[in-house]
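Trainee: predicted model follows, preceded by the sequence.
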Amino acid sequence: MFDIFFVQQLVNGLSVGFIYALMAIGFTLIFGVLNVVNFAHGEVYMIGAYAGWLSITIFAPPLFVVILVALAIGALAGFGLERIAFKPFRRFRDEASLKSKAMREATLLSSLAISIIVRELAEKIFGSNMQTIPQDYLLLTPIQIGPLSFASGQFLIFGLSIVMLGGLQWLLKRTQVGLSIRAVANNPMGATYVGINTERTIIATFVIGSTLGAAAGLVVGLYQGAIFPAMGFAPGIKAFVAMVMGGLSSIGGAVVCAIILGVAESVTTSFFAQGWGDLVAYVFLVMTLIFFPTGLFGGGRDRV
Amino acid sequence: MRRSLSILVIFIAIFVVLPGILAVVGGGYWFRVTTTIGVFAILTMSANLVSGTTGLMTLGHAGFYGIGAYTAALLATGLHWPFYLTLPVAGAVTACFGILLALPTMRLIGIYFAVATLGLGEIIHLTLLNWVGFTRGPMGISAIPGIALDGLFAASDMGNYYAVAITAALTAFVLGRLAHSYYGNALRAVREDDQCAASMGLNVVRLKIQSFAFACFFAGVAGALWAHTTGYISPGDFRFSESILILAMIVVGGLGSLPGAIVGAVILLGLPEVLRPIGDYRMIVVGAVMFLSILFLPRGLLGETSVLSLMRRQFGLAWDNAKQLGWRQ
Amino acid sequence: MTKQCRTLLATMCLAIFSCGAYAQNKTVAIGYQAPLSGEHAQYGVLFRNSATLAIENFNKSGKLPGVTIQLKFEDSKSDAKEGVNIAKKFSDDQSIVAAIGDFSSGVSMAAAPVYAQNKLAQLSQTASHPDFVKISEYQFRNITTQAYEGPLIANWANANGAKKIAIVAIQNDWGQSVVKYFADAVKANGGEVTETEMFNPGTRDFRSILTKIARSNPDAIYLGSFYEDGSAFLQQKVQMGIKQQVYATSSLYEQKLLDLAGPAANNVYLSTTFLVESPEPHVQAFVKEYEGRYGSKPQMFAAQAFDATNIVLNSIVAAGGANATRAKVRDALAATKDFPGVTGITSFDPKTREPSKILTKLQIQNGKYVLLK
């Protein structure tokens, strides 16, 4: 029995999955290099959305200019974040520090602290309610294809994730910066020994990852019509989950897993209540980890 | 000699001086703050055993805390069990859940384990929220009886304080003995290099499950205390952000350090209360304090290494061959 | 203002003047707990604005000569832990004779036993959990519960010819009561509930729910959510080409909804207790003053807080002003009858302490709330 209803639910699930994927791409890139969770990625996402929103309300430029603004601010935010929350903790280079569990988790807390401060500041400056987005900029133009309904934003998000993924692959595989990023991700000490400027590479990673995060925040904010200080928290958790399910080192894997999560949520909603949708996504996560202890696409680096 | 003296000082401080000061100057408000800190101290100490000593970062502690709270609340409101029964039962139930949920995930290492616990915590939270028939869902459970015994004492600030203080002291004692013994050393060996530990004859999976079960037991007890001292619980009290809060307390205090866990709880719960006069800006200051403390003391305010020697000096804890202390395998 | 009320006020004034002689510049405080940081900070700010306005007006009015009412506002972060701490803090503070808050039912109910234990009256402007006022005789609220609103909308929808209705509500205590009372009323009228969907707080994508609802083919949709979720829901509904009429709870009466959802909000039916455009002079005075001070028109939540503060102030006056004690204020609160607030006339039921209010029917037309006759 073929039912168009399920195809529509699949479309809905895919669009949710791509939102998680957008965020997971930048998140995974940063994690891959430093091996630490960047709790502030959700705030970069939020900053991108606010930067775009501010430029819309002040200049009302065309959409691609808005995205460029978000990209630029995202790059700045990434640079600042790295300098403030991560750089200071690389001053300890002795072996005992490198091995110490407490030292390795320190950046986790520093990024968490920065994320609290940034979120609270955004609340103080802009208020914690959702910002009003001019209707022309909302990516919600209905597009009807046969019996299926789409929104313009869904295509943009889909296109953006393809571009991001492709661009990032190209950057990592074909450019000098990408080569050094991969080298540092593989072995920071080794990379230093062969003359790679580790500091600069790490900054580059943060800048690239954060621009991607900021663009994601803006596009998703416009698509959902929701730009508010805590907007990065919920997709941030899902992106984190998708990254781990995908096996940490694989950006493509994170994207695939983000989509699996989104589809799982929407398919659950069509059979049970929406409340259980998230639950099924997490059950998926735990099951995946039980059967693939290093994620679905991991394996390159089994012991972190 | 020194050992008994230190213990005596701490005992007097917790059971005489602190409640005395609170009763004289603080009133109900500071009693309540201290009680909350006590409950969270139990949570951080237990999470510290898993995350700090055994090195399995847990991001789902709030879920287990929730299981304990709901067990106690349902038993107390449905079957009218008194608190001295619900507390251990809540702990035991939570420990069973912990073992059950942890068994399949114990093969995982590092960040994979952390995310698996995140998933478990969220599964627990979403179940509490959506299983309306059993947990009353978002309606929460109200009218949970307080810490009281018929004919002996009624529910009061002082009663709550002593219940939490005694439980926290017991937790500290048990976890202290566990962490500063040969057993604790075995856990640390698992943390530093589990393959090496296994090759030296330690049963790594069993040690991990044991430490997780201990942690869940105490998280459950903390949940039960929270339910009884507050009187109303709802799934919102056991969200992911609470797990992060617990983790932040441990890291601020120092991963792997038992006194550090308590200090972390005191700072991250006490500071927002002390900062009430500055109103809207207090969370920014809390974030800044967190950041600065980790910037200058990345190992935590009371780092593990210094605490180990402190424990040995002051309490005679931590392995000491001459005194035959600790637990031999 | 009713005649009864005027006599009441007159007697109060008399009582105050008679005892005003020995009450020189005494401070009586009201505690107010609400989120000023965290995820619900936007509501706490509204409450603080309204409460400050109400208290300053009161102090200027000279209704209690020689007595200054002070507002003590504390941030609860929408966190039960903090809510309980604040309740203790307020209970310790002997100058506080009544407390208002918190925002969510969860935090209000966690704080409630503390207030009950310390015999301090607690009035929440928004807690609509059915059990909230049952905790003790010290809990009050001035918001209508779904027990009243649900059947009203159900009858309205049925009268408009909608027999099969789908319900969408947020998964919290309030959403539970939205679903329960509305579904019961629809069934009592012989209608049918085609689908009941609860969404977890924080949901931003309603397409799966919408697809599911559209499949059940209802005549209308009943939406129980806050305005932020509501605007996302309405926008996505339009985008997906779902044409069914939407009925909504009074929580969607908020200017921000119109800004956020734009044309997607048109045609929604809802009810409210507070109406910015109300011709009544005291409502207009409030709207004007609020807008003059804070730069935006007050909405439902702000009005609820304004009334809550005024009800407490009224009770303090009734309880003897400078001589008001916690017990007297509680009794005066319980005796609140026909209080003429900006959200309509409020009375507390002497037994259940549940408020009774009158709801007005509205429809959103061309980006405006339009009163339906």
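Mentor: Structure received.
Trainee: where's residue A:63 relative to chain B, distance?
Mentor: In this structure, residue A:63 and chain B are 33 Å apart, going by CB to the nearest CB, to the nearest Å. Just so you know, the C-beta spots here come from the backbone N, C-alpha and C atoms, and that holds for glycine as well.
Trainee: what are the phi and psi values for that residue?
Mentor: Taking degrees, to the nearest 10, you get phi -60, psi -40 for the backbone angles of residue A:63.
Trainee: show me what contacts it?
Mentor: Neighbouring residues of residue A:63 by CB atoms under 8 Å, 6 or more residues apart in numbering or on different chains: residue A:137.
Trainee: leaving out the residues flanking it, which one is nearest to residue 118?
Mentor: Reading this off chain A. Nearest-residue entry for residue A:118: residue A:43, 4.4 Å, with adjacent residues in sequence omitted and distances by CB to CB, 6 or more residues apart in numbering or on different chains.
Trainee: look at chain C instead
Mentor: Sequence neighbours aside, residue C:91 is the residue nearest to residue C:118 in space, at 3.6 Å (criterion: CB to CB, 6+ apart).
Trainee: repeat that for residue C:71.
Mentor: Per CB to CB, 6+ apart, closest to residue C:71 is residue C:55, 4.8 Å.
Trainee: got a pLDDT number for the one you found?
Mentor: The pLDDT attached to residue C:55 in the predicted structure is 91.
Trainee: quick check: buried residues in the helix or strand encompassing it?
Mentor: If you go by DSSP states H and E, residue C:55 is part of helix C:41-61. Residues C:41-55, C:57-59 are the ones in helix C:41-61 that count as buried (16 or more other CB atoms under 10 Å in any protein chain shown).
Trainee: and the helices in chain A?
Mentor: Under the criterion DSSP state H, chain A carries helices at the ranges A:4-34, A:41-59, A:63-81, A:95-99, A:101-126, A:152-174, A:176-186, A:188-193, A:198-224, A:233-246, A:251-271, A:275-291.
Trainee: should've said the stretch 1-150 of chain C
Mentor: Ranges of helices in the stretch 1-150 of chain C, per DSSP state H, counting those that start in this stretch, are C:3-20, C:41-61, C:80-92, C:105-117, C:146-159.
Trainee: looking at the third one now, give me its mean pLDDT.
Mentor: Yep, that's helix C:80-92 we're talking about. 88.
Trainee: so that helix versus helix C:105-117, what angle?
Mentor: Put simply, helix C:80-92 runs at 30 degrees to helix C:105-117, going by axes from the mean of the first three to the mean of the last three CA atoms, to 10 degrees.
Trainee: tell me the pLDDT at residue C:237?
Mentor: Residue C:237 carries a pLDDT value of 89.
Trainee: pLDDT weak spots in the stretch 1-150 of chain B?
Mentor: Applying pLDDT under 70 to the stretch 1-150 of chain B flags the ranges B:1-2, B:26.
Trainee: can we see that at 80?
Mentor: The model of the stretch 1-150 of chain B has pLDDT under 80 over residues B:1-4, B:6, B:23-28, B:107, B:109-111, B:148-150.
Trainee: contact residues of it facing chain A?
Mentor: Counting by CB under 8 Å from any CB of the partner chain, the stretch 1-150 of chain B comes close to chain A at B:52, B:55, B:57, B:104-105, B:107-112, B:115-116, B:118-120, B:122-123, B:126-127, B:129-130.
Trainee: next step: these restricted to helices.
Mentor: B:104-105, B:110-112, B:115-116, B:118-120, B:122-123, B:126-127, B:129-130.
Trainee: backbone torsions only: list them for whatever residue of the stretch 201-329 of chain B ends up closest to chain C.
Mentor: Using CB to the nearest CB, the closest approach of the stretch 201-329 of chain B to chain C is made by residue B:231 at 3.9 Å. Here is the backbone geometry of residue B:231 (degrees, to the nearest 10): phi 90, psi -20.
Trainee: pLDDT score assigned to the closest residue to it other than its chain neighbours?
Mentor: In space, and not counting its chain neighbours, residue B:231 is closest to residue C:113: 3.9 Å by CB to CB, 6+ apart. pLDDT recorded at residue C:113 is 88.
Trainee: got a list of what residue C:113 touches?
Mentor: Contacts of residue C:113 by CB under 8 Å, 6+ apart are B:146, B:230, B:231, B:232, C:135, C:136.
Trainee: could I get those as JSON lines with distance to residue A:170 and neighbour count?
Mentor: Putting those into JSON lines (distance: CB to CB, whole Å; neighbours: other CB atoms under 10 Å in any protein chain shown) gives the following:
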{"residue": "B:146", "distance to residue A:170": "64", "neighbour count": "19"}
{"residue": "B:230", "distance to residue A:170": "55", "neighbour count": "27"}
{"residue": "B:231", "distance to residue A:170": "59", "neighbour count": "24"}
{"residue": "B:232", "distance to residue A:170": "56", "neighbour count": "28"}
{"residue": "C:135", "distance to residue A:170": "62", "neighbour count": "21"}
{"residue": "C:136", "distance to residue A:170": "66", "neighbour count": "16"}
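Trainee: now, which of those sits nearest residue C:264?
Mentor: For the contacts of residue C:113, the closest approach to residue C:264 (CB to CB) belongs to residue B:232, at 37.6 Å.
Trainee: residue contacts, that closest one?
Mentor: B:140, B:141, B:142, B:143, B:144, C:80, C:106, C:109, C:110, C:112, C:113.
Trainee: now flag whichever of those residues is closest to residue C:26.
Mentor: residue C:112 (28.3 Å).
Trainee: pull out the buried positions in stretch C:117-132.
Mentor: So for stretch C:117-132, counting by 16+ other CB under 10 Å, buried means C:117-118, C:120-132.
Trainee: first vs last residue of that stretch, how far apart are they?
Mentor: 15 Å (CA to CA, to the nearest Å).
Trainee: what residues does the stretch 51-200 of chain B put near chain C?
Mentor: By the rule CB under 8 Å from any CB, the part of the stretch 51-200 of chain B lying against chain C is B:126, B:129, B:130, B:132, B:137, B:138, B:139, B:140, B:142, B:143, B:146, B:155.
Trainee: quick revisit: just the buried ones from the ones in helices among the residues of the stretch 1-150 of chain B next to chain A, in PyMOL syntax?
Mentor: The buried subset of those, as determined by 16+ other CB under 10 Å, is captured in PyMOL by this line:
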select buried, chain B and resi 105+110+111+112+115+116+118+119+120+122+123+126+127+129+130
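Trainee: measure the closest residue to residue B:157 other than its chain neighbours to residue B:161 for me?
Mentor: Excluding the flanking residues, the one nearest residue B:157 by CB to CB, 6+ apart is residue B:31, at 4.0 Å. For residue B:31, the distance to residue B:161 equals 6 Å [CB to CB, to the nearest Å].
Trainee: list the residues that contact both of the two?
Mentor: residue B:22.
Trainee: more crowded one of these two?
Mentor: residue B:161 (23 against 20; other CB atoms under 10 Å in any protein chain shown).
Trainee: just checking, next helix/strand downstream of the strand or helix carrying that one?
Mentor: Per DSSP H and E: residue B:161 is located in helix B:157-179. As assigned by DSSP H and E, the chain's next helix or strand after helix B:157-179 is helix B:182-192.
Trainee: residue contacts, residue 34?
Mentor: Using chain A. A:86, A:107, A:202, A:205.
Trainee: right idea, wrong chain: chain C
Mentor: Residues counted as contacts of residue C:34 (CB under 8 Å, 6+ apart) are C:43, C:44, C:47, C:48, C:73, C:75, C:76, C:101, C:102, C:103, C:305.
Trainee: with adjacent residues omitted, what lies nearest to it?
Mentor: Computed as CB to CB, 6+ apart, the closest residue to residue C:34 that is not its neighbour in sequence is residue C:44, at 3.9 Å.
Trainee: go ahead and confirm the one you found touches residue C:103.
Mentor: Yes: the criterion here is CB atoms under 8 Å, and residue C:44 meets it with residue C:103 at 6.4 Å.
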